[in-house]
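Undergrad: Please work out how this folds:
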Amino acid sequence: MSTTAIRVNSEASSWTDIASDIGDTFAARAAQHDEQGDFVAENYAELKGQRLFSAGIPSELGGGGATHAEVCAIVRELGRHCGSTGLSFAMHSHPVCANVFKHLRGDEKSTGALRKIAAGKLVIAGTGANDWLASSGEAIEVDGGYRVNAHKRFVSGAPGADLFVTSAIFDGDDGPEVLHFAIPMASAGVEIQSNWNTLGMRGTGSNDILLEDVFVPAEAVVARRPVGTWHPMWDVIVPIALPIIVACYVGLAESAVKLAIDSAAGKPHQAAAVGQMQSELAVAQIALDDMIRIVNNYEFNPELSITSDILTRKAIAARNVKAAVETASEIVGGAGFFRNHPMERIVRDVRAFHFHPLPERIQQSFSGRITLGLDPIEMR
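TA: The predicted structure follows:
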C-alpha cells in the first residue's frame, strides 16, 4: 500500500484498517529487524506517511482526532504484526495522549505542544519508567535555562524521534527537584548510543542516550516535582500510558494464538491446550478492555486509587499474555523453536512486558500500601 494514500479519519475501524494494511508489510520485515537488531526505520517512515503519529491529536489542533481507545486499537493492531513497531509507536503515543488530557483541561502549554507535533509531523521518544520517581542526571541553572548532563536508558524509538522527553535533577535553593522537559533530539550534546542488543523487542532502537552539557531553555521545562516522592502527575500519566503499552503485548499474544490455532487444525488432541490458551488470552483482553474503560477517553479523575486499578490490571494482563504465548508455543511445537518461525520471536518479545511499570511484585506492594492508607513511595 502506498504511504501517500492517507486516510485521516477518527473512526476506530478506519485507523485499525490503516494499521492492518501497512502491518502486513511490517510483519514481513519483522524477522530481519529481529535478526539484525536494527531499528524499524522503514516502518516509522510509513507510519509518518499515514499520519499515524498525529492520529491521537484532536482534529482542531491539526491531528486525526482519534480517541484514547482508538490509539490503543492502533497499537494493538501494530503489535499483531510487529511487536517492535507497536511498542515504539506506543512510546510516542502515550506522551501525546497525556498532553491531550491536559489540553482538554485548558493547559495552554499542552495545546501548543500538540499543534507543533501535528504541524511538524514530529515523533517523540522519552524516558519514563526508568526515571520513575527519583530521575537521574544533573541540571545546573545557567542564563536562560539549564545545562544538563545525564545518561538515559531504554529510550524506545530514539533513532526515529525528533523530540526527546526526559527529566533531570536540579538542586536549587529549596532543595532538589526533578525537572521534566522536552528538547529536540538534534540538540547539541545529545548522543544516541548503539547499544540496544537484547533478548526481545530488538527492533525498537531503545538505545541509551547521553546528554553532555545540553542546554535546556527555561521555557522547555513543563513540570517540576520533588525527588523520590509520589506526585499527582503520575496519576495522569500511568492510567493514560499503560493501556497503550499493554495493547501492544495483547496484540502479540493474539498473533501467537492465531499461529497456534492454525497449527492445531486437524489435531483434536490439542483441544484442551487450545481451550486453556484461549482462556489465558481472554483474561489479558478483559484486563486491557477494563483499563481502557477506566480511562474513558480522558474522562477519568486522576487519583491514587485509579492508578492502582490500572497497575493491577497491567500485572494481570502481563501474567496472562505470557501464559497464553507459552501455551501457544507448546501447541505449535518444535517448529516454533526455530529462529525462522514467528512464534520464537513472539516468545522473546513478550518477555519485555515485565519491565514496564510496575513489575508484579512491586505492583502488589504498591496497591496494598494504597489500600492500607500508606505512602506508596515506600515500595522502592
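Undergrad: Look at residue 3 and report its pLDDT.
TA: Residue 3 is assigned 30 on the pLDDT scale.
Undergrad: need the contact list for residue 56.
TA: 63, 64, 66, 67, 68, 70, 71, 93, 96, 97, 100 (Cβ atoms under 8 Å, 6 or more residues apart in numbering). Any C-beta I mention is one placed from the backbone N, CA and C, and that applies to glycine too.
Undergrad: Compute the number of surrounding residues for residue 311.
TA: Neighbourhood size, residue 311 [other Cβ atoms under 10 Å]: 24.
Undergrad: Report the spatially nearest residue to it, omitting neighbours in sequence.
TA: residue 363 (4.8 Å; Cβ to Cβ, 6 or more residues apart in numbering).
Undergrad: ok, now residue 323?
TA: Of all residues not flanking residue 323 in the chain, residue 280 sits nearest, at 4.3 Å (Cβ to Cβ, 6+ apart).
Undergrad: I'd guess the one you found is in a helix, am I close?
TA: Yes. Applying DSSP: H, G, I helix; E, B strand; the rest coil, one finds residue 280 inside a helix.
Undergrad: And it, how far from residue 260?
TA: 11 Å (Cβ to Cβ, to the nearest Å).
Undergrad: Compare those two (neighbour count), which wins?
TA: Regarding residue 280 and residue 260, a neighbour count based on other Cβ under 10 Å identifies residue 260 as having more, with 26 against 22.
Undergrad: secondary structure element for residue 65?
TA: Counting by DSSP states H and E, no helix or strand carries residue 65.
Undergrad: so it makes contact with residue 51?
TA: No. Using Cβ atoms under 8 Å, residue 65 is not in contact with residue 51; the gap is 11.1 Å.
Undergrad: coming back round to it: in what helix or strand does the residue nearest to residue 311 lie?
TA: Here residue 363 sits within helix 360-371, counting by DSSP H and E.
Undergrad: pLDDT of that helix, averaged?
TA: On average, helix 360-371 scores 93.
Undergrad: which secondary structure elements does that helix contact?
TA: helix 304-332 (3 or more Cβ pairs under 8 Å, 6 or more residues apart in numbering; DSSP states H and E).
Undergrad: where along this structure do the strands fall?
TA: 124-126, 138-142, 145-155, 163-172, 175-184, 190-192, 207-217, 221-226 (DSSP state E).
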